[in-house]
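Chemist: Quick one: sequence and predicted model below, then my questions.
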Amino acid sequence: MGKLILLIVAGLVVYLVLKNYRRRVDRKEESAGAPKDESMVRCAECGVHHPRSESLLSAGKFYCSPEHERRAKHGG
């Protein structure tokens, strides 16, 4: 009888530890995976909208690629 109670208590402890661990992992995933709000800008050459952090700024205008920046500068 004592072994059965010990087995149940051990199982309960393992269950609670795993449940607590899973909660922590889920919280970390939520905070790390949450996208940051970022403004979108329009490419001055082609008009495609993309995140500001991925754009190129030249002469006060945003471009989506180095090719579009060159094309705008050289008029081609």
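Modeler: Cool, got the structure.
Chemist: what kind of secondary structure is the residue nearest to Ala72 when sequence neighbours are not counted in?
Modeler: Closest residue to Ala72 apart from its sequence neighbours, by Cβ to Cβ, 6 or more residues apart in numbering: Glu45 at 5.1 Å. To be clear about C-beta, it is placed using only N, CA and C from the backbone, and glycine gets the same treatment. Of the three states, Glu45 takes coil according to DSSP: H, G, I helix; E, B strand; the rest coil.
Chemist: List the residues that contact Glu45.
Modeler: 63-64, 68-69, 71-72 (Cβ atoms under 8 Å, 6 or more residues apart in numbering).
Chemist: make it 7 Å
Modeler: Listed by Cβ atoms under 7 Å, 6 or more residues apart in numbering, the contact partners of Glu45 are 63, 68, 71-72.
Chemist: Those residues, buried ones only, as a PyMOL selection?
Modeler: Applying 16 or more other Cβ atoms under 10 Å to the contacts of Glu45 leaves a buried subset, and the PyMOL line that selects it is:
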select buried, resi 63+68+72
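Chemist: For the contacts of Glu45, which two are the farthest from each other?
Modeler: Within the contacts of Glu45, Tyr63 and Arg71 form the most distant pair, 8.8 Å apart (Cβ to Cβ).
Chemist: Arg52 and Glu38 touch, don't they?
Modeler: Yes. Counting by Cβ atoms under 7 Å, Glu38 is a contact partner of Arg52 at 6.1 Å.
Chemist: host element of Leu7?
Modeler: Using DSSP states H and E, Leu7 sits in helix 2-33.
Chemist: what's the next secondary structure element after that helix?
Modeler: That would be, after helix 2-33 and using DSSP H and E, strand 40-42.
Chemist: in that next one, what's buried?
Modeler: For strand 40-42, burial by neighbour count (16+ other Cβ under 10 Å) applies to Val41.
Chemist: Adjacent strands (with direction) for that strand?
Modeler: With DSSP bridges as the test, strand 40-42 is paired with strand 49-51 (antiparallel).
Chemist: buried residues in the partner strand?
Modeler: Quick answer for strand 49-51 (16+ other Cβ under 10 Å): His50.
Chemist: Identify all contacting residues around that strand.
Modeler: Residues outside strand 49-51 that contact it (Cβ under 7 Å, 6+ apart): 38, 40-42, 64.
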